[in-house]
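# Predicted model, plus sequence, below.
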Amino acid sequence: MKPRIVRANESQTKIAPNDMFVGQVLQDQVFVPEDPSRLRVTRVTFTPGGRTNWHAHAVGQILYVLSGVGRYQMEGGPVEEIRPGDTVVIPPNTRHWHGAAPDQMMCHLALSESDDQGNATTWQEAVSDPDYTTAPA
């Protein structure tokens with residue numbers, strides 16, 4: 001892999017698929033891996049109420065909140081509020097979800113990588129409204 005600069009105009013904003021997200025969510029691929037790297041960096045912007053489905057990452061995930069107010073929940077844990085500058089470190093194969101607060105947008109960088117078999121994310125069912133609207137701890 002050669003050193004290079006990925007220019008801002010090389011990435012196109014895409015609407016996130018509605019079978020993996022609830023509400024309007026926009027994705028920008030900041031960095032797509034090239035061999036031997038397996039790291040993917042995505043800027044994700046959630047409109048108020050937007051969120052991921054439940055999911056897990058084979059090698060884990062790191063979220064870095066850029067703006068707005070969001071929510072994060074690991075299965076079995078409380079709903080937690082996340083704010084700009086917060087970093088969420090999610091261990092491998094941990095079922096979780098994340099997204100914007102009900103009344104505010106949220107933008108974060110999502111860093112994840114694939115395992116040796118090329119698996120990165122296992123998407124599951126949508127987060128229910130009652131689970132989502134639980135007040136943060």
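Great, that's in hand.
# CA only for contacts and neighbour counts going forward, please
Noted.
# From the structure, what's the count of residues near residue 131?
The tally of other residues near residue 131 (other Cα atoms under 10 Å) stands at 11.
# now do residue 85
12.
# Next one: it from residue 66, what distance?
6 Å (Cα to Cα, to the nearest Å).
# tell me which element the residue positioned nearest the centre of the chain is part of?
For the chain, residue 110 is the residue whose C-alpha lies nearest the centre (Cα atoms, centre = their mean; 4.9 Å). Assigning secondary structure by DSSP states H and E places residue 110 in strand 106-113.
# List the strands paired with that strand, with their directions.
The strands beside strand 106-113 in its sheet (DSSP bridges) come out as strand 39-46 (antiparallel), strand 61-68 (antiparallel).
# circling back: show the pLDDT at the residue nearest to the centre of the chain.
Per-residue pLDDT puts residue 110 at 97.
# How much space separates the residue nearest to it when sequence neighbours are not counted from residue 99?
Of all residues not flanking residue 110 in the chain, residue 63 sits nearest, at 4.7 Å (Cα to Cα, 6 or more residues apart in numbering). Residue 63 is 11 Å from residue 99, where distance means Cα to Cα.
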